[in-house]
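1. Curious how this folds, go ahead:
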Amino acid sequence: MQKSDIRILVLIALIVAISIWVVLPNNPGINLQLGGLKIQREIKLLLGLDLQGGIQVILQPDVAEGQQVTGDDMEALRRIMEQRVNGLGVTEPLVQLMGERLLVEMPGLKNPEEAVAGLQQTGSLELVDTGAIPFEDGTPLTTTYQLSGTLGSLASMGPMTGTYPTVLTGRYLKSANTSFDETGKPVIAFELNAEGAKIFAEHTAANTGNFLAIVLDGKVISCPRINTTIPDGKGMIEGNMDIEEVQTLVNQLRYGALPVALKVSDIREIGPTLGQDSIDKSVRAGIIGLLIVLIFMAVHYRLPGVLTDVALAIYALITLALYKLIPVTLTLPGIAGFLLSVGMAVDANVLIFERMREELRAGRTLQRAIQAGFKRALSAIIDSNISVWLTCAILWFFGNSFGASSVKGFALTLALGVLISIFTALVVTRTLINSTYAVGGEKIRDHKWLLGI
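-> Residues are numbered from 1 along each chain as shown. Now for the predicted structure:
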């Protein structure tokens with residue numbers, strides 16, 4: 001047995017061991033502490049809207065009568081909304097245009113009301129100079145604000161009108177992230193771009209002791225006092241916010257303000273369209289189909305077929321592990337793509353074994369038949385798989401159209417499955433056959449029944 005085959009066997013064993021650990025239902029996830037770097041990652045199988053349910057929201061522009069909303073506005077709404085939904089951690093969300101409406105589907109959300117409220121907000125950020133006047137969190141505020149005596153400390157002053165200049169807007173924002181202050185309270189850490197940092201430094205230097213209101217969508221989030229010059233354009237937004245509110249605001253700030261305000265046209269909770277019983281039946285049907293394939297390979301190709309069955313089991317294990325690690329969101333079409341990719345994996349092995357049979361019937365030695373079988377089948381395997389990948393690319397592109405998103409899951413699982421099938425056919429199956437030959441040698445050729453010829 002060659003050293004290269006031994007190394008590959010060790011590598012395959014390592015991959016199988018890792019895959020088994022990933023696929024385990026009670027997998028604890030990844031929890032690593034590498035110096036100052038902490039890595040925490042939950043590992044689980046994600047299900048789509050048709051398998052686990054979720055919410056469906058239809059949003060439409062909330063504009064004054066006669067105001068026109070352009071196609072560019074709607075496309076910008078779709079793009080920003082897609083980024084916001086992805087920022088919520090929703091798996092395989094759907095964001096599509098329906099004329100002048102926006103369809104948003106979010107599988108498995110725990111707090112749909114909070115999520116929808118976050119999606120509606122325009123995310124318009126302003127830093128407003130309020131002079132010596134502090135504003136309470138949640139106070140409605142515009143750059144021209146009517147002071148009404150309801151602000152506690154200003155009650156004795158009576159109604160008055162003041163104009164406050166906007167120092168900076170969200171367009172100067174470089175980044176926004178969730179952070180924590182020294183007491184463990186969640187805050188928003190932000191950084192301005194170079195131009196914004198210069199404006200911010202000049203303003204804080206000239207207005208030390210005054211207040212600067214941080215305003216989002218017309219409401220004050222916080223109104224800190226400027227205690228010193230801030231030269232680097234970095235700061236924190238504090239307020240009476242819990243971690244979920246902070247993450248929602250970060251999501252809005254990070255992906256920009258909406259070009260127009262939105263209102264909810266329709267919202268509904270969607271249960272799993274299949275139901276648990278249908279899911280169980282689908283899984284059972286898939287297992288039965290796989291067993292039939294395994295039995296056929298073992299009966300028809302004998303020893304090579306049994307080795308293929310081992311390779312197919314490894315294939316299924318690696319595929320499921322990757323679904324959890326990437327992660328891939330499983331939908332019913334996605335399951336269909338996985339099952340079809342199993343057939344593609346079997347097809348590659350059939351091509352190899354038929355070429356081996358031809359070589360053996362022509363009187364070649366077993367070693368030469370093995371080498372020729374893989375070599376002659378290689379071009380056919382690659383050509384067929386390239387055509388499948390091209391089809392998957394077309395399906396993925398077509399899946400961006402309204403009403404056709406379900407084919408994207410099918411295309412993704414099929415393309416990934418075909419890629420892994422090449423590895424199992426050309427690496428795993430080949431290594432197993434070479435290892436078997438190293439043990440049995442040319443004596444195996446004398447047992448024609450064992451080789452299926």
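2. Poorly predicted segments of this structure, please.
-> Across the chain, residues meeting the criterion (pLDDT under 70) sit at 1, 35-38, 87-92, 110-112, 114, 122-123, 141-163, 255-257, 272-279, 400-406.
3. so where do the helices sit in it?
-> 3-23, 49-52, 71-87, 112-120, 194-206, 243-254, 275-325, 332-361, 366-398, 406-423, 430-440, 448-451 (DSSP state H).
4. Residues contacting the fifth one, please?
-> Around helix 194-206, the neighbours that count as contacts under CB atoms under 8 Å, 6 or more residues apart in numbering are 127, 129, 167-168, 172-174, 192, 212, 226, 228-233, 235. All C-beta spots, glycine's among them, are computed from the backbone N, C-alpha and C.
5. re earlier: taking the helices of the chain together, which one is wrapped up most tightly?
-> Among the helices of the chain, the stretch with the highest mean neighbour count (mean count of other CB atoms under 10 Å) is helix 49-52, at a mean of 23.
6. Which strands and helices lie in contact with that helix?
-> Helices and strands touching helix 49-52, by 3 or more CB pairs under 8 Å, 6 or more residues apart in numbering; DSSP states H and E, are strand 101-107.
7. Just list what the strand it packs on packs against, helices and strands only.
-> helix 49-52, strand 54-61, helix 71-87, strand 94-98, helix 112-120, strand 262-270.
8. report the angle between the axes of it and strand 94-98?
-> Using axes from the mean of the first three to the mean of the last three CA atoms, to 10 degrees, one finds that strand 101-107 and strand 94-98 are set 160 degrees apart in direction.
9. Tell me the strands beside strand 101-107, with direction?
-> Paired neighbours of strand 101-107 in the sheet (DSSP bridges): strand 54-61 (antiparallel), strand 94-98 (antiparallel).
10. Any buried residues in the longest one, and which?
-> Of the residues in strand 54-61, those scored as buried under the neighbour-count criterion (16 or more other CB atoms under 10 Å) are Gly54, Ile55, Gln56, Val57, Leu59, Gln60, Pro61.
11. which residues touch Leu451?
-> By CB under 8 Å, 6+ apart, the neighbours of Leu451 are Arg302, Leu303, Pro304, Met356, Arg357, Leu360, Leu366, Ile444, Arg445.
12. hmm, 10 Å instead?
-> Counting by CB atoms under 10 Å, 6 or more residues apart in numbering, Leu451 touches 301-305, 353, 356-357, 360, 366, 369, 444-445.
13. got it, and Arg78?
-> Val95, Gln96, Leu97, Leu102, Leu103, Val104.
14. Identify the farthest-apart pair in those residues.
-> Leu97 and Val104 (10.8 Å; CB to CB).
15. joint contacts of these two?
-> With CB under 10 Å, 6+ apart as the test, Leu97 and Val104 both reach Arg78, Met81.
16. Tell me, how many residues neighbour Arg100?
-> You called it Arg, but residue 100 is Glu. 12 (other CB atoms under 10 Å).
17. Surely it and Gln67 touch.
-> No: the pair Glu100 / Gln67 is not scored as a contact, 11.9 Å apart, by CB atoms under 10 Å.
18. what's around Met241, how many residues?
-> 19.
19. Now do the contacts for it.
-> Residues near Met241 by CB under 10 Å, 6+ apart: Asp137, Lys185, Pro186, Val187, Ile188, Ile221, Ser222, Gln247, Thr248, Leu249.
20. So among those, which ones count as buried?
-> Counted by 16+ other CB under 10 Å, the contacts of Met241 give Pro186, Val187, Ile188, Ile221, Ser222, Gln247, Thr248, Leu249 as buried.
21. Now that Glu113 has come up, it's in contact with Glu244, right?
-> No: using CB under 10 Å, Glu113 makes no contact with Glu244, being 11.5 Å away.
22. Next, show the common contact partners of these two.
-> Common neighbours of Glu113 and Glu244 (CB under 10 Å, 6+ apart) do not exist.
23. Now a PyMOL select for only the buried ones of the contacts of helix 194-206.
-> Remark: buried members of the contacts of helix 194-206, expressed as a PyMOL selection using 16+ other CB under 10 Å:
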select buried, resi 127+129+167+168+172+173+192+212+226+230+233+235
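24. Outline the domain layout of this protein.
-> 3-29+274-451, 54-120, 125-257 (automatic domain parsing).
25. Include distance to Ile267 when you put these into JSON lines, please.
-> Listed next are these as JSON lines, based on distance: least, CB to CB, whole Å:
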{"stretch": "domain 3-29+274-451", "distance to Ile267": "19"}
{"stretch": "domain 54-120", "distance to Ile267": "5"}
{"stretch": "domain 125-257", "distance to Ile267": "17"}
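26. if we can go back for a sec, let me know which of the helices and strands packed on strand 101-107 is the nearest to Leu312.
-> helix 49-52 (24.4 Å).
27. In a markdown table: the contacts of Met241, plus distance to Asn31.
-> Shown next, in a markdown table, are the contacts of Met241 (distance: CB to CB, whole Å):
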| residue | distance to Asn31 |
| --- | --- |
| Asp137 | 36 |
| Lys185 | 25 |
| Pro186 | 22 |
| Val187 | 25 |
| Ile188 | 27 |
| Ile221 | 33 |
| Ser222 | 34 |
| Gln247 | 21 |
| Thr248 | 26 |
| Leu249 | 28 |
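28. now, which of the residues you listed sits nearest Lys3?
-> Nearest to Lys3, judged by CB to CB, of those is Gln247 at 52.1 Å.
29. thinking the closest one is in contact with Ile188, fair?
-> Yes: here Gln247 reaches Ile188: they are 9.3 Å apart, a contact under CB under 10 Å.
30. anything in contact with each of those two?
-> Jointly contacting Gln247 and Ile188 under the rule CB under 10 Å, 6+ apart are Asn177, Thr178, Met241.
31. Nearest to Lys281 among those?
-> Nearest to Lys281 among the shared contacts of Gln247 and Ile188 is Thr178, at 42.3 Å by CB to CB.
32. The closest one: how many residues sit nearby?
-> 15.
33. which other residues reach stretch 290-303?
-> Stretch 290-303 has contacts (CB under 10 Å, 6+ apart) with 304-313, 316, 339, 342-343, 345-346, 349-350, 352-354, 356-357, 433, 436, 440, 444, 447-453.
34. One more: stretch 64-74?
-> 60-61, 63, 76-77, 97-102, 258-260.
35. Pipe these into CSV and attach distance to Pro327 per row.
-> Shown next, in CSV, are the contacts of stretch 64-74 (distance: CB to CB, whole Å):
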residue, distance to Pro327
Gln60, 32
Pro61, 34
Val63, 38
Ala76, 29
Leu77, 27
Leu97, 27
Met98, 28
Gly99, 33
Glu100, 34
Arg101, 30
Leu102, 26
Leu258, 29
Pro259, 32
Val260, 34
